[in-house]
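> When you get a sec, could you give me coordinates for this:
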Amino acid sequence: MSPSGVRRATGARTALGALAAALIVTVPALAGCASGEPERGGARQPAALRLPPRHAGFDYQIGGAYPPPEGVRIVSRDRSDSPAPGLYNICYVNAFQAQPAERASWPADLLLRDARGDVVIDEDWDEPLLDIGTPAKRARVAERVNRWIDGCADKGYDAVEPDNYDSYTRSHRLLTAADATAFMALLSRHAHARHLAVAQKNTAELAGQRERAGLDFAVAEECGQYDECEVYAEAFDDRVVDIEYTDGGLRAARARWGDRLSIVRRDRDVSRPGSAGYVRKVR
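Numbering: from 1, shown residues only. Coordinates of the predicted model:
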């Protein structure tokens with residue numbers, strides 16, 4: 001699996017205008033209230049969602065918003081930023097881990113702890129994992145994350161990108177794929193109720209669970225570099241936006257998927273234009 005590889009930020013529908021090609025669809029929303037566990041075999045209610053257009057110009061701006069380059073039709077920004085007018089906007093939310101600056105604001109019992117009582121940390125980003133290991137704790141974590149999702153909807157975003165779906169792989173086996181899928185289902189149900197599409201962020205091994213998790217499209221990092229694009233393309237019918245962080249990854253992604261997926265090369269800090277390390281390429 002590819003690492004996330006980016007610095008995570010804190011953090012009325014846009015006009016159809018330039019997005020006439022974006023599809024308005026009816027997607028089954030998971031049944032039940034936003035804070036409860038999904039019911040197996042329960043009744044499902046349709047919600048109208050706008051999905052991102054396929055093979056469209058894309059920019060990844062979670063490190064800070066700036067005017068989208070010419071040709072961009074899809075943009076992902078941190079929840080603390082506002083959407084780009086006239087484009088398809090994806091709202092980034094760090095949903096499965098706590099931002100270092102926000103750690104103290106989380107109830108202590110919602111931070112995942114090992115047998116010694118120590119908080120389990122994603123060492124790459126110094127981010128505590130959230131404890132989604134029981135239905136009750138999933139509901140409590142979702143209650144908070146869903147408020148952020150509400151903020152995305154209120155700002156006019158079209159979709160939400162809940163990051164760190166794969167955090168269970170860093171939990172030292174304290175969390176499972178089933179825990180992650182169940183928690184994602186809670187977020188998806190709430191997002192769908194607010195007419196937001198939901199992206200699967202990385203985690204190719206769970207693409208087969210997309211319906212159970214309520215996921216609508218994919219945001220993949222380095223699927224060209226790690227030869228995972230096919231997994232996402234098949235699961236999400238080519239509704240995939242891919243961020244590569246190396247020229248080699250960009251070449252690999254474009255060689256096979258350049259006429260089907262939305263692909264961009266960014267710098268790993270996802271910096272703004274004018275920054276010393278800023279990189280954005282599409283070919």
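
> Can you name the residues in contact with stretch 110-128?
For stretch 110-128, the surrounding residues in contact (C-beta atoms under 8 Å, 6 or more residues apart in numbering) are 3-4, 7-8, 94, 97-100, 103, 106, 129-131, 133, 137, 140-141, 164, 167, 170-172, 174-175. Heads up, the C-betas are built off the backbone N, CA and C, glycines and all.

> hmm, try it at 7 Å
Residues from elsewhere that reach stretch 110-128 (C-beta atoms under 7 Å, 6 or more residues apart in numbering): 3, 8, 97-100, 103, 129-131, 137, 140-141, 167, 170-172, 174-175.

> Model confidence score at the residue lying closest to Ile132 once chain neighbours are set aside, please.
Once flanking residues are discounted, Ile132 sits nearest to Phe183: 4.3 Å by C-beta to C-beta, 6 or more residues apart in numbering. For Phe183, the model assigns a pLDDT of 98.

> what's near enough to touch Phe183?
132, 138, 141-142.

> follow-up on the earlier one: give the buried subset of the contacts of stretch 110-128 as a ChimeraX selection command.
Command for ChimeraX, covering only those of the contacts of stretch 110-128 found buried under the criterion 16 or more other C-beta atoms under 10 Å:
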select :8,97,98,99,103,129,130,131,137,140,141,167,170,171,174,175
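
> Show me the strands in the stretch 101-250 of the chain, by range?
Applying DSSP state E, counting those that start in this stretch to the stretch 101-250 of the chain gives strands spanning 121-122, 127-128, 159-163, 197-201, 217-221, 240-244.

> distance between the fourth one and the chain's centre?
In this view, strand 197-201 has its centroid 5 Å away from the chain centroid, taken as C-alpha atoms, centre = their mean, to the nearest Å.

> tell me what that strand is packed against?
Packing contacts for strand 197-201, counted by 3 or more C-beta pairs under 7 Å, 6 or more residues apart in numbering; DSSP states H and E, involve strand 159-163, helix 177-193, strand 217-221.

> what angle do the second one and strand 197-201 make?
Between helix 177-193 and strand 197-201, the angle comes out at 150 degrees (axes from the mean of the first three to the mean of the last three C-alpha atoms, to 10 degrees).

> Helix 177-193: which residues count as buried?
In helix 177-193, counting by 16+ other C-beta under 10 Å, buried: 179-193.

> picking that back up, of all the strands of the stretch 101-250 of the chain, which lies closest to Asp78?
strand 159-163 (9.7 Å; C-beta to C-beta).

> Given that closest one, what are its sheet partners and their directions?
Strand 159-163 sits in its sheet next to strand 88-94 (parallel), strand 197-201 (parallel), going by DSSP bridges.

> now what about that strand, what contacts it?
8, 52, 76, 90-95, 149, 152, 184, 187, 191, 196-199, 201, 219.

> CA atoms only for that strand, dumped as PDB, please.
Only the C-alpha atoms of strand 159-163 are listed here, as PDB (Å, rounded to 0.1, in the frame of the first residue of the first chain):
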ATOM      1  CA  ALA A 159     -18.300  15.700  -1.700                       C
ATOM      2  CA  VAL A 160     -16.300  14.800   1.300                       C
ATOM      3  CA  GLU A 161     -12.900  12.900   1.500                       C
ATOM      4  CA  PRO A 162     -12.500  11.200   4.900                       C
ATOM      5  CA  ASP A 163      -8.800  10.500   5.300                       C
END
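
> thinking again about what came up before, okay if I get the helices and strands packed on strand 197-201 as JSON lines plus distance to Pro85?
As requested, the helices and strands packed on strand 197-201 are exported to JSON lines (distance: least, C-beta to C-beta, whole Å):
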{"stretch": "strand 159-163", "distance to Pro85": "16"}
{"stretch": "helix 177-193", "distance to Pro85": "21"}
{"stretch": "strand 217-221", "distance to Pro85": "21"}
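
> quick one, which of these is nearest to Arg239?
So among the helices and strands packed on strand 197-201, strand 217-221 is nearest, using C-beta to C-beta, at 3.8 Å.

> Just want the angle from the closest one to strand 88-94.
60 degrees.

> and strand 217-221, what other elements does it pack with?
With 3+ C-beta pairs under 7 Å, 6+ apart as the test, strand 217-221 has strand 197-201, helix 229-235, strand 240-244 packed against it.
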